[in-house]
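In: structure for this input, please:
(2 chains)
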Amino acid sequence: MFKFFEPNKIFLITSKAPKYVMLLFILVLSIGLLEALVLSPEDYKQSHSVRIMYVHVPAAWIALGIFSSITFLSLSGFIFKNKNFFLIAKSLAPSGLVFNIVALVTGSIWGKPTWGTWWAWDARITSMLILAMFYFLYIIAWRIYEEKEQVFKITTLITIFGIINIPIIKYSVDWWNTLHQPASINILSKSSIHSSMLLPLMIMTAAFALFSLLIFLMKYNTELIKLKNKGLDRL
Amino acid sequence: MYGPKVKLRFFFILLILSILTLTVFLVLKSLEENVVYFKSPSDVKLMTELKNKKIRIGGMVKKNSIAMSTNEVNFIITDFKNEINVIYSGVVPNLFSEGKGVVAEGFLKDRNFFQASKILAKHDENYMPPEVKAALK
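Out: Numbers count the residues shown, from 1 in each chain, chains lettered A, B, ... in the order given. Presented below is the predicted three-dimensional model:
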């Protein structure tokens, strides 16, 4: 089915959709910020600095999610020899890197008043920094290599190495003693976060996901324009 | 339905991933000593020799154990099995309190006394408004 990929049809969507996604993003973000900054209660222990979490946690989730998607797409692209998958993966990367950096910076800002330090070399924080480096590598690989076949192979290789780090990030807080606290939200057992704080967290996650979608559509649109300019109507 | 080359590439990727996972697992396993951010008081008890090296010890601040004097803070870190006395002079973080997590960085004087040069408060995974916390008590 992927063989009949038609840039023209997809281009119709990617050139129009961003406006609507943008509107939806602004709407969801406004509700999310209102909930996170005004309506949600302060924490019993850390008082108002809990509000940093509403940016920190969604950003970290999105960063992990996008890297996993990029890996899945690159591996599928490699196995099925589908070039479109690589272009989708390439277009996803920038927002992943941005959210990864946002997670690191907000974590640092939260760490100072809570832990008493800006930075600690504990397993969670270090593995998150390593993920940012893999994002960086992935993005510059696309810029350095001109030849398509070469860039597909190299970016796939980077994602293979990077994906090993994802479970380490997720489970570092359970496997080892870390300064970072374990996960508050568990799918199987009861979450240790109060529902009044869970709501803004979820809305902010939706807002960040929409933002990633918006940047993705714009990047992907650019890739399709590049294809068109080369006079190719299929990959 | 897929050609033999597709299958070959699929299993090749699978092989790379499994070997890489195994490698990383073995490396982390052997480096565990350095991956952990802090040791618990029980780990200290099990140490065969006390090195004159900076280490971190973490656990809970024992209830009613904080004694503050003009230029020194004394408290006990416990993991509910073993305990260790900590001596520290300096500013403690805001969230440092009894019954809460703490990580102390410094030197072991002996198996029971720890001279800390830095104190970090460890936050737990519980988030709730003050009213809920009060209702739980």
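In: element containing the closest residue to A:W61 other than its chain neighbours, please.
Out: The shortest distance from A:W61 to any non-neighbouring residue, by C-beta to C-beta, 6 or more residues apart in numbering or on different chains, is to A:T205 (6.2 Å). The C-beta positions use only the backbone N, C-alpha and C, and glycine is treated the same way. Per DSSP states H and E: A:T205 is located in helix A:195-229.
In: got a list of what the most centrally placed residue in chain A touches?
Out: Central residue of chain A (C-alpha atoms, centre = their mean): A:A63, 2.8 Å from the mean position. The neighbours of A:A63, taking C-beta atoms under 8 Å, 6 or more residues apart in numbering or on different chains as the test, are A:G96, A:L97, A:F99, A:N100, A:A103, A:M128, A:L131, A:Y135.
In: give me the nearest residue to it, chain neighbours excluded.
Out: Closest residue to A:A63 apart from its sequence neighbours, by C-beta to C-beta, 6+ apart: A:N100 at 3.9 Å.
In: the helix or strand where that neighbour lies - contacts with which helices or strands?
Out: Using DSSP H and E, A:N100 sits within helix A:83-114. Judged by 3 or more C-beta pairs under 8 Å, 6 or more residues apart in numbering or on different chains; DSSP states H and E, helix A:83-114 is in contact with helix A:53-80, helix A:123-144, helix A:148-163, helix A:195-229.
In: run the chain-centre distance for stretch A:204-222.
Out: Here the centre of stretch A:204-222 is set off from its chain's centre by 10 Å, with C-alpha atoms, centre = their mean, to the nearest Å.
In: report the contact partners of the closest residue to A:Q181 other than its chain neighbours.
Out: Nearest in space to A:Q181, with sequence neighbours left out and distances taken as C-beta to C-beta, 6+ apart, is B:E125 at 4.6 Å. Taking C-beta under 8 Å, 6+ apart, we find B:E125 in contact with A:Q181, A:P182, A:A183, A:S184, A:S192, A:I193.
In: swap the cut-off to 10 Å and go again
Out: Residues near B:E125 by C-beta atoms under 10 Å, 6 or more residues apart in numbering or on different chains: A:V173, A:H180, A:Q181, A:P182, A:A183, A:S184, A:I185, A:N186, A:S191, A:S192, A:I193.
In: Serialize the residues you listed to a markdown table and add fields for neighbour count and secondary structure.
Out: Listed next are these as a markdown table, based on neighbours: other C-beta atoms under 10 Å in any protein chain shown; DSSP: H, G, I helix; E, B strand; the rest coil:
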| residue | neighbour count | secondary structure |
| --- | --- | --- |
| A:V173 | 18 | helix |
| A:H180 | 20 | coil |
| A:Q181 | 18 | coil |
| A:P182 | 14 | coil |
| A:A183 | 16 | coil |
| A:S184 | 18 | coil |
| A:I185 | 16 | coil |
| A:N186 | 12 | coil |
| A:S191 | 16 | coil |
| A:S192 | 16 | coil |
| A:I193 | 21 | strand |
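In: centroid-nearest residue for chain B?
Out: Centroid-nearest residue in chain B: B:F38, 3.8 Å away (criterion: C-alpha atoms, centre = their mean).
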